[in-house]
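Visitor: dropping a prediction and its sequence here:
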Amino acid sequence: MNINNDSRLAMANPEGMAIFDNKTSKIAISVVGIMTTLIIYGVLQEKIMRVPYGDGDESAYFKYSLFLVLCNRVLTCAASAIFLLANKKTMGPAAPLYKYGAVSVSNILTTTCQYEALKYVSFPVQTLAKSAKMIPVMVWGTLIMQKKHSGRDYLLAVFVTAGCALFILYPASEDITRYNKEKESTIWGVFLMIGYLGFDGFTSTFQDKLFKGYNMEIYNQIFYTTLCSCAISMLGLLIQGHLLAAIDFVLYHPDCLFDITLLSMVATASQFFISYTIRTFGALTFATIMTTRQLISILLSCIWFVHPLSWKQCIGAIVVFSSLYSKSFFNAQRKKLDLPKQTETEVDNPLLYEEKRHRNDLLSTSVDVSSR
């Protein structure tokens with residue numbers, strides 16, 4: 001009976017079924033693409049920074065965070081250039097180069113703090129602590145963009161921060177690494193995460209301000225920002241004297257070279273899945289997928305790298321993710337009431353209006369996976 005009803009429904013409205021199937025396949029591509037690439041990215045990130053390479057007396061830890069940044073940016077820069085050329089998009093900068101460079105400096109500091117923090121705190125702690133970026137983003141938005149936030153936004157930010165503090169301060173057991181001989185939440189590790197949160201909040205807000213008013217493709221922004229990042233990270237490695245040492249390490253440990261290459265590949269692939277998701281479904285759907293990805297990444301890391309969780313950490317995680325999902329829900333309701341106004345041209349051309357909305361979502365959402 002049900003089969004016959006479904007068949008009659010499909011025959012009566014074949015276009016509706018086709019639209020449903022098309023939307024389902026698109027959301028499946030987005031979810032599977034983002035989840036797969038970023039979960040692999042998280043596992044590799046923790047392995048590279050916390051697990052020694054080699055056996056016995058020859059085992060050694062990889063400690064050149066800036067080299068990871070360089071490898072990641074080189075591949076992303078090349079991929080975005082290929083995309084621009086393949087789609088016959090302009091290769092010229094849409095904004096002054098110093099603006100791309102300013103964003104690059106802030107982003108490199110963000111990513112370096114993130115990688116360095118993994119020497120002192122576990123991936124679950126680091127991932128959940130990233131959720132506390134709501135407060136620095138709000139603070140920087142108020143200082144730089146003069147944005148105003150509702151009392152509900154501040155309340156959710158307080159809940160997220162409280163949950164993160166609970167997760168960090170009450171570990172189930174000590175997580176000993178070469179760099180961390182005492183508690184997992186060492187002062188240095190906490191300072192690095194505070195640095196990450198501050199720089200990351202500044203990066204997204206600063207990027208929004210610098211590129212406001214420029215009619216640019218998202219891949220044009222990615223290309224020039226990562227190109228500047230390549231130059232800056234290379235210069236940093238040369239000044240530190242770490243470039244040759246990092247190359248020697250990966251040549252002596254081919255498995256490390258493989259991990260770094262795969263890390264850069266999934267990071268680059270995730271950029272395109274993120275851009276596709278925001279362009280197709282909007283920033284709110286993307287935020288929901290990313291929140292779910294964080295939850296799965298934490299669970300997988302706890303299983304893979306044997307990070308036990310205390311009951312207090314579980315409560316902290318529940319508080320954080322409940323607040324994040326609530327934020328996505330409230331933002332969805334607000335978005336319906338705060339759509340951009342259509343110009344006369346856009347009324348006659350709905351596709352032009354949709355393109356403007358997608359561009360606003362893309363440029364106002366940081367698509368750099370390194371800070372995810």
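Guide: Received, thanks.
Visitor: tell me the buried residues in the lengthiest helix in the chain?
Guide: Longest helix in the chain by number of residues, with DSSP state H as the criterion: helix 14-50. Residues 30-31, 33-35, 37-50 are the ones in helix 14-50 that count as buried (16 or more other C-beta atoms under 10 Å). From N, CA and C alone the C-beta is placed, and that goes for glycine too.
Visitor: would you agree Tyr64 is in contact with Ile247?
Guide: No - between Tyr64 and Ile247 there is no contact under C-beta atoms under 8 Å: 9.4 Å.
Visitor: which one of those two is surrounded by more residues?
Guide: Counted by other C-beta atoms under 10 Å, Tyr64 and Ile247 do not tie: Tyr64 has more neighbours, with 20 against 14.
Visitor: and the more buried one, how far is that from Met134?
Guide: The gap separating Tyr64 from Met134 is 31 Å, by C-beta to C-beta, to the nearest Å.
Visitor: cool, Ser104 as well?
Guide: From Ser104 to Met134 the distance is 24 Å (C-beta to C-beta).
Visitor: distance between the very next helix or strand once past the longest helix of the chain and the chain's centre?
Guide: Proceeding C-terminally, helix 14-50 gives way to helix 65-86 as the next helix or strand, assigned by DSSP states H and E. Here helix 65-86 is found 16 Å from its chain centre; the criterion is C-alpha atoms, centre = their mean, to the nearest Å.
Visitor: quick one: average pLDDT of helix 65-86?
Guide: Averaging pLDDT along helix 65-86 gives 92.
Visitor: what does that helix contact?
Guide: Applying C-beta atoms under 8 Å, 6 or more residues apart in numbering, the external contacts of helix 65-86 come out as 48-49, 89-91, 108, 111-112, 115-116, 217, 219-220, 222-223, 226-227, 229-230, 233-234, 236-237, 240, 242-243, 246, 260-261, 263-265, 267-268, 271-272, 370.
Visitor: so which of those belong to strands?
Guide: Per DSSP state E, strands hold no members of the contacts of helix 65-86.
Visitor: and the longest helix of the chain, how far from the chain's centre?
Guide: 14 Å.
Visitor: what packs against that helix?
Guide: helix 123-130, helix 254-281, helix 283-304 (3 or more C-beta pairs under 8 Å, 6 or more residues apart in numbering; DSSP states H and E).
Visitor: the same query, at a cut-off of 10 Å, please.
Guide: helix 2-12, helix 65-86, helix 97-117, helix 123-130, helix 254-281, helix 283-304 (3 or more C-beta pairs under 10 Å, 6 or more residues apart in numbering; DSSP states H and E).
Visitor: Tyr120 is in contact with Ile187, correct?
Guide: Yes - under the criterion of C-beta atoms under 10 Å, Ile187 makes contact with Tyr120 at 9.0 Å.
Visitor: higher neighbour count, these two?
Guide: Counted by other C-beta under 10 Å, Ile187 and Tyr120 do not tie: Tyr120 has more neighbours, with 26 against 10.
Visitor: in terms of contact, does that one touch Gly189 like I think?
Guide: Yes - counting by C-beta under 10 Å, Tyr120 does reach Gly189; the two are 3.0 Å apart.
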